[in-house]
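# Let's see this in three dimensions:
(one chain, ligands or ions: 1)
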Amino acid sequence: MIRVRFAPSPTGYLHVGGARTALFNYLFAKHNDGKFILRIEDTDLERSTAESEQSLLNTMEWLGFKWDEGPGVGGEYGPYRQSERMDIYKKMAHQLVEQDKAYEAYVYPEELEKIREELLAQKKSPHYNEEMLSQFDTPERREEYKAKGIEPVIYFKMPYKDYTINDLIKGEVTFKKGTVGDFVILRSTGLPTYNFAVVVDDALMKISHVIRGDDHLSNTLRQLAVFEGMEYPLPEFAHVSMILGPDGARLSKRHGATSVEKYQEMGYLPQSIMNYLALLSWSHPDEKEIMSMEEMVKEFTIERVNSSAAIYDEQKLRWMNGVYIRELDDDELTRYAKKYIIASGLMDETHFKSNYKWIREAVGSLKKKIHQFDEIPEKLEVFFKEPIFKKEWAQQIKDDDTDPAFIELYHQVKSADSWNIPDIYQLFKEVAKRVKVNSKKFYHMLRVVLTGEEDGPELVNVIHLIGRNQMLKRLERVVDMI
Ligand code: GLU
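Next up is the predicted model:
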């Protein structure tokens, strides 16, 4: 059974890199009829907060992740929050002590530092061992501290040997002996260290594949030793390359938004984010770019995950969001737009409700023009504000020789007795029949006269939505001058 996990630490927002790791795990699990497990790594008690965890879970849900086991859904191998598994780590650490694969000691950080400095002075690698610690960890100290109820620190005895894995993305990776020395697995507070807790959990949760960012590759060495020490079978490892900014540096705030929440706020759709993230180091066998979740699940294999770093291209994500926005029907689009419109003050809730059809058409007319929902209010302004008339417009119309069309349009509008979209089309047909002008120039200046802008919503919607009276009023100003 394929079992994978996404193991975030709830210390802030969900980074796009984290979301990509979660997605690769998810696609791999679903492609193989396996299980996707969500584990909260909250042993850093100072930095992990309940709010961050809640916001993380909300964002994961919003993106469309459904975890088979984890917070909120439970499962056979829980609890799924590390802070609720403290007894397990303690028991496991003590078991290693009993088997002489780990040892307890009372040593202060300054003392450890002193040992390291001495080793370095002797040109040796700065790795301490049980014997070196015993100069400080004397029987007297032990007795005294034990009597006071102070818990010792538990250190893992790092075997002096090479470790090799066959990483599913990186290929064969060998960690040379002596790279790391003994290390802490359980602090005196009873808190496990990351490398220990991860192994205990991956083992007990029967994780078959560890798919994570390659910033964890260096941790893998200690983890391999702990797996071996605990006599647990090793999972497969797949270390995904980091995401870089366009300048080749690791993706950071400098490159723009890096949290999924920020994109949600700006008006990105979860399907665009997931689709875009899937393409960071992975590609569809036919190089297809726009893919549904089902398609991604169907095609995802680790073999197609590239070992080189992916470059984050926010413009491409933006483009993709535009593609997905165009797939929405007008009601859906209006539902998404509502919050932005109301927040901008263009309309209030009641106004929005009572003018729903009007606003739906207005929002719908922007569909091809927007890439994120937060652009909607500004683009809607043309429907709410009369443009300030400029004399040059009349001059331009004369230079274009489109003035007869403006005059004819004005008369047609004046005598029009109904105002729906088919009638508006009909009216334009009439104008075209009577006067032959360069229609491109005509429509361009008509838009300018009606909206004050060179670009914007579909013209027929502008005309329909501003209404006959406004149309006449705006045309009049120019007709008077030509
Ligand atoms: N909790 C770790 C992190 O947020 C992930 C651990 C892992 O995937 O092994 O980076």
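# From here on, just use CA atoms for contacts and neighbour counts.
OK.
# What's the nearest residue in the stretch 301-450 of the chain when you look at the ligand?
Among the residues of the stretch 301-450 of the chain, residue 302 lies closest to the ligand, at 16.4 Å counting by C-alpha to the nearest ligand atom.
# Show me the longest helix that occurs in the chain.
In the chain, with assignment by DSSP state H, the single longest helix is helix 459-479.
# in that helix, what's buried?
Neighbour-count burial for helix 459-479 flags 459-466, 468, 471-472, 474-475, 478-479 (criterion: 16 or more other C-alpha atoms under 10 Å).
# Disregarding residues adjacent in the polypeptide, which is nearest to whichever residue of the stretch 201-350 of the chain sits closest to the ligand?
As assessed by C-alpha to the nearest ligand atom, the ligand sits closest to residue 212 within the stretch 201-350 of the chain, at 5.1 Å. In this structure, residue 212 finds its nearest non-sequential neighbour in residue 239, 5.2 Å apart by C-alpha to C-alpha, 6 or more residues apart in numbering.
# what residues are up against that neighbour?
With contact taken as C-alpha atoms under 8 Å, 6 or more residues apart in numbering, residue 239 is in contact with 167-170, 210-214, 216-217.
# can you do 7 Å?
Going by C-alpha atoms under 7 Å, 6 or more residues apart in numbering, residue 239 touches 167, 169-170, 211-214, 217.
# Which of those residues fall within helices?
Among the contacts of residue 239, the members found in helices (DSSP H) are residue 217.
# Show the buried residues in the contacts of residue 239.
In the contacts of residue 239, burial by neighbour count holds for 167, 169-170, 211-214, 217, counting by 16+ other C-alpha under 10 Å.
# Over to residue 104: give its phi and psi.
When read as degrees, to the nearest 10, the backbone of residue 104 gives phi -100, psi 150.
# Surely it touches residue 156?
No - using C-alpha atoms under 7 Å, residue 104 is not in contact with residue 156, being 9.0 Å away.
# coming back round to it: including pLDDT, could the contacts of residue 239 go into JSON lines?
Formatted as JSON lines, the contacts of residue 239 follow (pLDDT from 0 to 100):
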{"residue": "167", "pLDDT": "98"}
{"residue": "169", "pLDDT": "98"}
{"residue": "170", "pLDDT": "97"}
{"residue": "211", "pLDDT": "98"}
{"residue": "212", "pLDDT": "98"}
{"residue": "213", "pLDDT": "96"}
{"residue": "214", "pLDDT": "96"}
{"residue": "217", "pLDDT": "96"}
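# Pick the one among the contacts of residue 239 closest to residue 76.
residue 211 (21.2 Å; C-alpha to C-alpha).
# what about the residue lying closest to that closest one once chain neighbours are set aside, how many neighbours?
Leaving aside its sequence neighbours, residue 211 sits nearest to residue 238 (C-alpha to C-alpha, 6+ apart; 4.7 Å). When counting by other C-alpha atoms under 10 Å, one arrives at 24 neighbours for residue 238.
# Doesn't residue 238 belong to a helix?
No - counting by DSSP: H, G, I helix; E, B strand; the rest coil, residue 238 is not part of a helix but strand.
# roughly how far apart are it and residue 40?
Look at residue 238 and residue 40: by C-alpha to C-alpha, to the nearest Å, they are 20 Å apart.
# same thing with residue 372?
Applying C-alpha to C-alpha to residue 372 and residue 40 gives a distance of 31 Å.
# just residue 225 next, same as before
To residue 40, residue 225 is 23 Å away according to C-alpha to C-alpha.
# Could you do residue 307 as well?
Distance from residue 307 to residue 40, by C-alpha to C-alpha: 27 Å.
# ok, these two, which is more surrounded?
Neighbour count, other C-alpha under 10 Å: between residue 307 and residue 40, residue 40 has more, with 23 against 19.
# Surely that one touches residue 8?
Yes - when contacts are counted by C-alpha under 7 Å, residue 40 is listed as touching residue 8 (5.6 Å).
# you'd agree residue 34 is up against residue 1?
Yes - if you go by C-alpha under 7 Å, residue 34 and residue 1 touch, sitting 6.1 Å apart.
# Give me the pLDDT for residue 165.
The per-residue pLDDT reported for residue 165 equals 98.
# now the residue of the chain most remote from its centre, nearest residue through space, not along the chain?
The centre of the chain is farthest from one residue, residue 434, which by C-alpha atoms, centre = their mean lies 55.5 Å away. Spatial nearest neighbour of residue 434, chain neighbours left out: residue 408 (7.9 Å); criterion: C-alpha to C-alpha, 6+ apart.
# Run a quick neighbour tally on the one you found.
Residues lying near residue 408 (other C-alpha under 10 Å) number 19.
# Neighbours of the residue of the chain found nearest the ligand, how many?
Nearest to the ligand, among the residues of the chain, is residue 8, at 3.9 Å (C-alpha to the nearest ligand atom). Residues within reach of residue 8, counting by other C-alpha under 10 Å, total 19.
# Against residue 192, how distant is it?
Residue 8 is 16 Å from residue 192, where distance means C-alpha to C-alpha.
# do the same with residue 245
Going from residue 245 to residue 192 by C-alpha to C-alpha gives 34 Å.
# who's more crowded, those two?
Counted by other C-alpha under 10 Å, residue 245 and residue 192 do not tie: residue 192 has more neighbours, with 27 against 19.
# Torsion angles phi and psi at that one?
Per-residue torsions, residue 192: phi -80, psi 160 (degrees, to the nearest 10).
# before we move on, what about residue 406?
In terms of degrees, to the nearest 10, the main-chain angles of residue 406 are phi -60, psi -40.
# Looking at residue 104 and residue 156, which one has more neighbours?
Neighbours around residue 104 and residue 156, counted as other C-alpha under 10 Å, are more numerous at residue 156. The numbers are 26 against 21.
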